[in-house]
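# structure, please.
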Amino acid sequence: MTLPTAQTIRLWRMQRGMTQEQLARAAHVPRPNLSAIEQGRRELSLSTLRALALALDTTPGTLVDGITPPLQGDASTLTRAAIERIVRAVVRDASVSNPLEHEVAQLLRLLTTQQGRRASRRGSIRSAQAAWLRLQSACGPALLQTLLDRTKEQRRLHESQAD
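Numbers count the residues shown, from 1 in each chain. Got it, this is the predicted structure:
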């Protein structure tokens, strides 16, 4: 699945662990302009695209084509057992040893922690939105829905057993 350039830039920035300020400084772009670009409210010139790609250590084509940063493996190959390990890790706030499963669990935890409750900080909402985009692009809509459904079911079971 490919994404619009604006969302792709945002995901690459977040994957690199950069704030908007850091990326703007590295690419020599005013931070308000970068914010507007990431929100899709501003067109970007070829020179700005090249500067952003260089600062993100990727290619302009990657950003334009909507290619998201890769997970630590191919999420489309997750087995049923792997899905169950990921869901258990999210529900029980545990970790998983497999790097791909660990990354998917972190993103799913971030996403499901914000669902069903109002986030008090705008940053939490944005992080959950970025997690949604990453999971949807890496897993595809069907696998993402399976992960969300299984997490919801397991949370209900876990909470009923705790009572």
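# and the helix or strand of the chain with the lowest mean pLDDT, how far out from the chain middle?
The helix or strand of the chain with the lowest confidence, counting by mean pLDDT, DSSP states H and E, is helix 122-139 at a mean of 79. Chain-centre distance of helix 122-139: 4 Å, with CA atoms, centre = their mean, to the nearest Å.
# now swap in stretch 64-81 and tell me
Chain-centre distance of stretch 64-81: 11 Å, with CA atoms, centre = their mean.
# helices of this protein, start to end?
Along the chain, counting by DSSP state H, helices occupy 5-15, 20-27, 31-38, 46-55, 60-64, 80-91, 99-114, 122-139, 141-162.
# nearest to Gln72, out of these?
Nearest to Gln72 among the helices of the chain is helix 99-114 (4.1 Å), distances taken as CB to CB. C-beta here means a position set from N, CA and C on the backbone, and glycine is covered the same way.
# hmm, back to that, would you single out the least confident of the helices of the chain?
Lowest mean pLDDT of the helices of the chain: helix 122-139, a mean of 79.
# and it, what other elements does it pack with?
Packing contacts for helix 122-139, counted by 3 or more CB pairs under 8 Å, 6 or more residues apart in numbering; DSSP states H and E, involve helix 5-15, helix 99-114, helix 141-162.
# possible to save those helices as JSON lines with distance to Arg92 and mean neighbour count?
Below are those laid out as JSON lines (distance: least, CB to CB, whole Å; neighbours: other CB atoms under 10 Å):
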{"stretch": "helix 5-15", "distance to Arg92": "26", "mean neighbour count": "21"}
{"stretch": "helix 99-114", "distance to Arg92": "10", "mean neighbour count": "20"}
{"stretch": "helix 141-162", "distance to Arg92": "7", "mean neighbour count": "14"}
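# which non-adjacent residue is nearest Leu78?
Once flanking residues are discounted, Leu78 sits nearest to Leu143: 6.8 Å by CB to CB, 6 or more residues apart in numbering.
# how about the contacts made by Ile9?
Shown in contact with Ile9 (CB atoms under 8 Å, 6 or more residues apart in numbering): Ile37, Glu38, Leu52, Leu56, Leu63.
# top of the residues you listed by neighbour count?
Neighbour count (other CB atoms under 10 Å) singles out Leu52 as the most crowded of the contacts of Ile9, with 26 neighbours.
# from Arg16, how far out is that one?
11 Å (CB to CB, to the nearest Å).
# intersection of neighbour lists for the two?
Leu23.
# thinking again about what came up before, closest to Asp149 among the contacts of Ile9?
Nearest member of these to Asp149, counting by CB to CB, is Glu38, at 30.2 Å.
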